[in-house]
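Next one to model:
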Amino acid sequence: MPRLLPAVSQRYALALVSFFVLVGAAGIFRYSQAAANASLDDVGASSASTVEVAADDSQSGTGILFALARDAMHDGRLVAPAGSNAYEFYLSVLQLDPENRAAQDALRESFPRAAAEIEHTINQKNLEEARREIDLLREFDSNNFTLALLGGKLSAARNIVMKQHEAEAERIQQANEAHATAP
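Down below sits the predicted model:
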């Protein structure tokens, strides 16, 4: 029985520390909410209902997704990597709330920069990633002319890579034939 006591006390201490970490995180969250609400009041929010909606939204899935999108934008993850970029987070907001103006505006405003990143990805010959990124932007605006141009550039880049591979294969085949006929 004495051997069991240290293991139990370690578990108890771990549970107690975890509890305090969670309480601290909740306190920090509540404090940041209070600060956000106070700043809204300072700016002159039109009514108390606006503050309530902002507080409710920040605790909902859309609020969390907006925070993730903001962090991704700050870190320069606009369209890559897959699963952790601003565009995917904003599109997730639109899946939850298709009429969300803030997400629509953010996607529209960042579209030119995202297109430039995709063009850079194509220029680096990372063609599969470029295809994924183009498809991601098409989820927001499938009829955008810029995406048609990027799709054409991607297709041309794929053709160039394919021709290079064919030329290399032919060169290797000729070298093997020449080596085989040599005495």
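
On the pLDDT front, check Gly152 for me.
For Gly152, the model assigns a pLDDT of 96.

Show me what the helix or strand it falls within is packed up against.
For Gly152, the host element (DSSP states H and E) is helix 145-181. With contacts defined as 3 or more C-beta pairs under 8 Å, 6 or more residues apart in numbering; DSSP states H and E, the packing partners of helix 145-181 are helix 101-123, helix 127-140. Where C-beta positions appear, they are placed from N, C-alpha and C, glycine not excepted.

Tell me which of the ones you listed is the most buried.
Counting by mean count of other C-beta atoms under 10 Å, helix 127-140 has the highest mean neighbour count of those, with a mean of 18.

I would like the residues contacting it, please.
79-80, 82, 85, 87-88, 90-91, 94, 107, 111, 114-115, 117-118, 121-122, 144, 147, 150-151, 154, 157-158, 161 (C-beta atoms under 8 Å, 6 or more residues apart in numbering).

show me where pLDDT drops low in the chain?
Residue ranges of the chain with pLDDT under 70: 1-59, 183.

if we can go back for a sec, show me the one of the helices and strands packed on helix 145-181 that comes nearest Glu170.
In terms of C-beta to C-beta, the element of those nearest to Glu170 is helix 127-140, at 21.7 Å.

Extract the C-alpha trace of that closest one and format it as PDB.
Extracted C-alpha coordinates of helix 127-140, given in PDB (Å, rounded to 0.1, in the frame of the first residue of the first chain):
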ATOM      1  CA  LEU A 127       2.400  21.800 -59.700                       C
ATOM      2  CA  GLU A 128       0.300  19.600 -57.500                       C
ATOM      3  CA  GLU A 129       0.300  22.200 -54.700                       C
ATOM      4  CA  ALA A 130      -0.700  24.800 -57.200                       C
ATOM      5  CA  ARG A 131      -3.600  22.700 -58.400                       C
ATOM      6  CA  ARG A 132      -4.800  22.300 -54.700                       C
ATOM      7  CA  GLU A 133      -4.500  26.100 -54.200                       C
ATOM      8  CA  ILE A 134      -6.400  26.900 -57.400                       C
ATOM      9  CA  ASP A 135      -9.100  24.600 -56.300                       C
ATOM     10  CA  LEU A 136      -9.200  26.200 -52.900                       C
ATOM     11  CA  LEU A 137      -9.800  29.700 -54.400                       C
ATOM     12  CA  ARG A 138     -12.400  28.200 -56.800                       C
ATOM     13  CA  GLU A 139     -14.500  27.200 -53.700                       C
ATOM     14  CA  PHE A 140     -14.900  30.900 -53.100                       C
END
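
Right, I'll leave it there.
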